[in-house]
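Visitor: after the sequence you'll find the predicted model.
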Amino acid sequence: MLRYSLLYNAVFWGMAGGVLVSALGLGLWDPLNRAAELVGHTAAPCMLVTLGLTLRERLAVVLRHAGGHALLRQTALQICKLVVQPLVCWGILAALGVEGLWLAVSVIMAASGSALVVPVLADVHHAGPEEATLTALVSNGLSLFSLSFFIWVMRLLGHI
C-alpha cells in the first residue's frame, strides 16, 4: 500500500521534485519558470470552477445516500473545523507560551475553511468525494464568519 501511495502519487512527486530543485539551488529555465508561475496563478480559479461544476451532481449523490444525516454530519464537521479546531490550537499554543502574531496567525489559519485539494484527494482515492466536496464548499463559505470572529478577537486581545 505504501509503495502504491508513493509511486502513483503526483502530489508527492511534485513536492519531492520542487524540494530537490530548491535544495540543489538549480532554479528553473526562465521560460519554464514563467510558465509554471502562470499555471500557478490559474490553479485556484480552475479548481473553483471545477468544484462549482461538479457540486450539483455530488450534492445530489450525498443527499440521495445520506438523506437527513448529511445536514447533521456537516453541522458536526463545521463546528469541529471552524470553532473547536481554532480553540484547541489557541489552547495548545497558549500553554506552550506562544504569544502575539505567531499565536494570531496560527489560530486564524486553524479557523480557515478546508483546502480545496481535499475533494481532489478524496476523488483520487475514492474516499467519499461527494461528501468531501460538500464539506470544502460549506467550510469555505462559513469560514468568512469564523475568520472574521477570530481576527476580531485577536485584535481585541492585542495579538495583531
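Guide: Perfect, I can see it now. Numbers count the residues shown, from 1 in each chain.
Visitor: can you tell me which helix in the protein is longest?
Guide: Longest helix in the chain, counting residues (DSSP state H): helix 30-66.
Visitor: for it, packing partners?
Guide: helix 69-79, helix 117-124, helix 129-156 (3 or more CB pairs under 8 Å, 6 or more residues apart in numbering; DSSP states H and E). Quick note: C-beta positions are derived from backbone N, CA and C, even for glycine.
Visitor: chain center to it: distance?
Guide: Relative to its chain's centre, helix 30-66 lies at 13 Å (CA atoms, centre = their mean, to the nearest Å).
Visitor: now do Ala43, the pLDDT please.
Guide: The score at Ala43 is 81. That number is its pLDDT.
Visitor: swap in Arg155?
Guide: Per-residue pLDDT puts Arg155 at 95.
Visitor: next one: Gly158
Guide: 93.
Visitor: what is the three-state secondary structure of it?
Guide: coil (DSSP: H, G, I helix; E, B strand; the rest coil).
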